[in-house]
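> When you get a sec, could you give me coordinates for this:
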Amino acid sequence: MSALLQVFSVLIKKPFFAVSFGVIMGIVVGLTMGWGVWPVEFTDATPEVLRADLQEEYMRMAIDSFRVNGDPILVEQRYRNIGPNATQIFLNIQNSPRQLDPAAVHNFGQIVQNLVEAPVSTVGGTEDAQATPIGNLIITVSIVLVLAVILFLGIYIYRKIFRGNPRGVASAAMQAAEVSRQAEKTDFQTLGLAPPVTQTMTTYVLGDDLYDESFSIDTQGGEFLGEYGAGVSETIGVGEPKKVTALEIWLFDKNDIKTATKVLMSEHAYNDADLRARLEAKGELILIESQDQVVLETASLQLLVTVSDLKYGSGAMPEASYFERVTLELAVWPKE
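Prediction:
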């Protein structure tokens, strides 16, 4: 169960998964409310919405009523209210009148024999009469949509989380979540600093090709101040998993017109002129080093980034060119 919760906590931060989960929950909640909590209630409906056997019973009662009141207008109205099945139902009654007076059946037939089958009758109005087939269509489409989304998400989770992992070894995203959970946060109060408004540990692990985390900044009273986060900025080489050579950290302030951004580069990327030229447009370039601290500032916020852990990957790529693991501590204060 804990592994599933870790997978969910990682995936819910991905925009695609979050939107898909929201769509599924919206449909499930909507159907639950529409069918269970506040179901549609039909009033003043015509016999057309009844089952065929009940429509036949209705026509039998209409024939017996005509035997008593002799009202041909009422006969026509009741006949039309049954809808397209009226002709076949009357033929069934002719063939098997049961307790009905055969003369009443014959007289009833004399009145309705020249009637052309009426247009669709109404349930509280013409528009409402069409609500039943349209509603059934909406429900069918909704169910198909839910099943399709669930299937697609299942394939997506399998490919991104469990593909190539038949023995149940934790995926890169799950490993990263566990590293962040176990990482020790800085106690800023012991350093003589005010506690941050928000403080988060985030970890990138080689193989987490979708690494992109964002966090909200809110006061204790619930006021939204902004957002901050980290994600992949640049990769090198080819093949899978992607080899990340630079990470991007950013700070959004609702009181500022632009987002502060800095790029944490590997030693190889920092010394590569082409990579530097490509990344300069994203923000200030910083050589990443273990235990280093980087500050981002906006009009009213300050983000302190501490490189808690750094490990380079090894292999055919140049030395210190891509990350195997990076853990960042992100702490935000209001500027005073």
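
> going forward, measure contacts and count neighbours with C-alpha atoms only.
Fine.

> which outside residues touch stretch 201-219?
Applying C-alpha atoms under 8 Å, 6 or more residues apart in numbering, the contact partners of stretch 201-219 are 13-14, 172-173, 175-177, 179-181, 183, 185, 197-198, 224-232, 240-244, 323-330, 332.

> Show me which of these are buried.
Using 16 or more other C-alpha atoms under 10 Å as the burial test, those include 172-173, 175-177, 179-180, 183, 198, 225-232, 242-244, 323-330, 332 as buried.

> Residue 300 - how many residues pack around it?
Residue 300 is flanked by 15 other residues according to other C-alpha atoms under 10 Å.

> quick one, what contacts it?
Applying C-alpha under 8 Å, 6+ apart, the residues contacting residue 300 are 253, 255, 256, 334, 335, 336.

> What's the ChimeraX syntax to select whichever of these are buried?
The ChimeraX command for the buried members of the contacts of residue 300 (criterion: 16+ other C-alpha under 10 Å) is given here:
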select :253,334
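
> Now do the strands in the chain.
With DSSP state E, the ranges of strands along the chain come out as 198-205, 212-218, 224-236, 243-253, 260-265, 284-287, 293-297, 301-312, 323-334.

> what's the angle from the first one to strand 301-312?
Angle between the axes of strand 198-205 and strand 301-312 is 30 degrees (criterion: axes from the mean of the first three to the mean of the last three C-alpha atoms, to 10 degrees).

> Sheet partners, orientation included, of strand 198-205?
Strand 198-205 has the following sheet partners, assigned by DSSP bridges: strand 323-334 (antiparallel).

> quick one: contacts of the partner strand?
179-180, 185, 195-206, 217, 243-245, 266, 300-313.

> could you check the angle strand 293-297 makes with that strand?
Using the same axes, to 10 degrees: strand 323-334 against strand 293-297 is 50 degrees.

> mind giving me the domain ranges of this structure?
The chain is divided into the following domains under automatic domain parsing: 2-40+129-169, 47-122, 173-334.

> Now those in a markdown table, please, with extra columns for mean pLDDT.
Below are the domains of the chain laid out as a markdown table (pLDDT from 0 to 100):
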| stretch | mean pLDDT |
| --- | --- |
| domain 2-40+129-169 | 66 |
| domain 47-122 | 81 |
| domain 173-334 | 93 |
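
> Backbone dihedrals for residue 237, both of them.
Backbone torsions of residue 237, given as degrees, to the nearest 10, read phi 70, psi -170.

> Pull the number of nearby residues for it.
Close neighbours of residue 237, defined as other C-alpha under 10 Å, add up to 13.

> which residues touch it?
Residue 237 sits in contact with 243, 317, where contact means C-alpha under 8 Å, 6+ apart.

> now do the one 5 residues further on
By C-alpha under 8 Å, 6+ apart, residue 242 lies in contact with 206, 207, 209, 235, 236.

> same thing but at 10 Å, please
For residue 242, the contacting residues are 206, 207, 208, 209, 210, 234, 235, 236, 322, by C-alpha atoms under 10 Å, 6 or more residues apart in numbering.

> need these in JSON lines with neighbour count and distance to residue 65, can you?
Output for the contacts of residue 242, formatted as JSON lines (neighbours: other C-alpha atoms under 10 Å; distance: C-alpha to C-alpha, whole Å):
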{"residue": "206", "neighbour count": "23", "distance to residue 65": "82"}
{"residue": "207", "neighbour count": "19", "distance to residue 65": "79"}
{"residue": "208", "neighbour count": "22", "distance to residue 65": "77"}
{"residue": "209", "neighbour count": "19", "distance to residue 65": "76"}
{"residue": "210", "neighbour count": "14", "distance to residue 65": "73"}
{"residue": "234", "neighbour count": "20", "distance to residue 65": "84"}
{"residue": "235", "neighbour count": "18", "distance to residue 65": "84"}
{"residue": "236", "neighbour count": "15", "distance to residue 65": "87"}
{"residue": "322", "neighbour count": "27", "distance to residue 65": "89"}
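
> Which one of those residues is nearest to residue 68?
residue 210 (78.5 Å; C-alpha to C-alpha).

> quick one: that closest one from residue 312, how far?
Distance, residue 210 to residue 312, using C-alpha to C-alpha, to the nearest Å: 19 Å.

> Same question for residue 269.
Distance of residue 269 to residue 312, computed by C-alpha to C-alpha: 12 Å.

> Of the two, which one has the most company?
More neighbours surround residue 269 than the other of residue 269 and residue 312, with 22 against 17 (other C-alpha under 10 Å).

> okay but residue 282 is in contact with residue 275, surely?
No - here residue 282 lies out of contact with residue 275, judged by C-alpha atoms under 10 Å, at a distance of 11.6 Å.

> Looking at the two, which is more packed in?
When residue 282 and residue 275 are compared for neighbours, residue 275 comes out ahead with 18 against 13, by other C-alpha under 10 Å.

> Surely that one is in contact with residue 233?
No - applying C-alpha under 10 Å as the test, residue 275 and residue 233 come out as separate, 11.1 Å apart.
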